[in-house]
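1. need the 3D shape of this:
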Amino acid sequence: MPSGQKKTDWENKLRELELQKKLLDFSQRLRAFIEKQSKTVRYIAAAVLLVIFVLLGFGGWYWYDKNYQEKAWQLYYTNTAKLIHQHRTSQEIIGTLQEIPSRYPRSQAAAIVYYRLGRVYQMGNETKIAIFNYKNCLKIANKDKELVPLAQIGLGYCYEMSGKYDEALESYRSAMEAKMGGLFASLNYQNIARVYELKGDIPAALAHYKKALALLKEPSSIMLVRNKIASLSN
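-> Numbering: from 1, shown residues only. As a prediction, the model looks like this:
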């Protein structure tokens, strides 16, 4: 992080701490005032005091969580840099990645690690462990980010590889319904179509291949899906 950015972050934290100190001082003076007033005034002042404590708690949590997430990302970038610059075995790679969720289990860096581990185990045909990691990713991943549909797609592939077609369809549909699911709509229509084809439901497979075709832009992908539609239509 540039020194200028560090200075700015530190100044922001100091301002936040100063604000919290002022609020705390004010709340102490307000409490002393409450004790001298009538019941009605006490109720009003107590409500104001409650709002102050809520603000203090929110501010403290905000900075705690911000610091927590930053430390998790720092460890993530440090450990992934090791993987790039050093030749390591698969187990060493997994061990290096797993340090992040073990130390920062609810961080967004941990969510990405769970996704990457899901991919590693999926590629090794270890679908049960891959499913476990994809599900862990989905528990903590920011619902507004594309990681959610990507993890759902990975989950769908694992279920499909295991012959659990209904679960695969559910995962692919969940990927479609995710906030960023539209980014992968054509891929998911193809995934859903393929599973219907495996289940022997050709009309449903054709319907979804056609939906995918309407969204595709790349000529090679268009050709593949057109050929698939033609073969299933015969």
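
2. quick one: residue 144 and residue 181 touch, right?
-> No. Here residue 144 lies out of contact with residue 181, judged by C-beta atoms under 8 Å, at a distance of 11.6 Å. C-betas here are computed from N, CA, C, even on glycine.

3. now the helix or strand where residue 192 lies: buried residues?
-> In this structure, residue 192 sits in helix 185-199 according to DSSP states H and E. Neighbour-count burial for helix 185-199 flags 185-197 (criterion: 16 or more other C-beta atoms under 10 Å).

4. is residue 186 in contact with residue 215, as I believe?
-> Yes. With contact defined as C-beta under 8 Å, residue 186 counts as touching residue 215 (3.9 Å).

5. about what we covered before: who are the packing partners of the helix holding residue 192?
-> helix 147-161, helix 165-177, helix 202-215, helix 219-233 (3 or more C-beta pairs under 8 Å, 6 or more residues apart in numbering; DSSP states H and E).

6. so where's this protein shaky on pLDDT?
-> 1-17, 19-24, 26-28, 30-65, 81-90 (pLDDT under 70).

7. how about the buried residues of helix 185-199 in CSV, adding distance to residue 139?
-> Below are these laid out as CSV (distance: C-beta to C-beta, whole Å):
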residue, distance to residue 139
185, 24
186, 27
187, 23
188, 21
189, 27
190, 27
191, 22
192, 24
193, 29
194, 27
195, 24
196, 29
197, 31
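
8. now flag whichever of those residues is closest to residue 96.
-> Among the buried residues of helix 185-199, residue 187 lies closest to residue 96 (C-beta to C-beta), at 29.6 Å.

9. for the closest one, give me its contacts.
-> Shown in contact with residue 187 (C-beta atoms under 8 Å, 6 or more residues apart in numbering): 153, 212.

10. I'm done for today, thanks for sticking with me.
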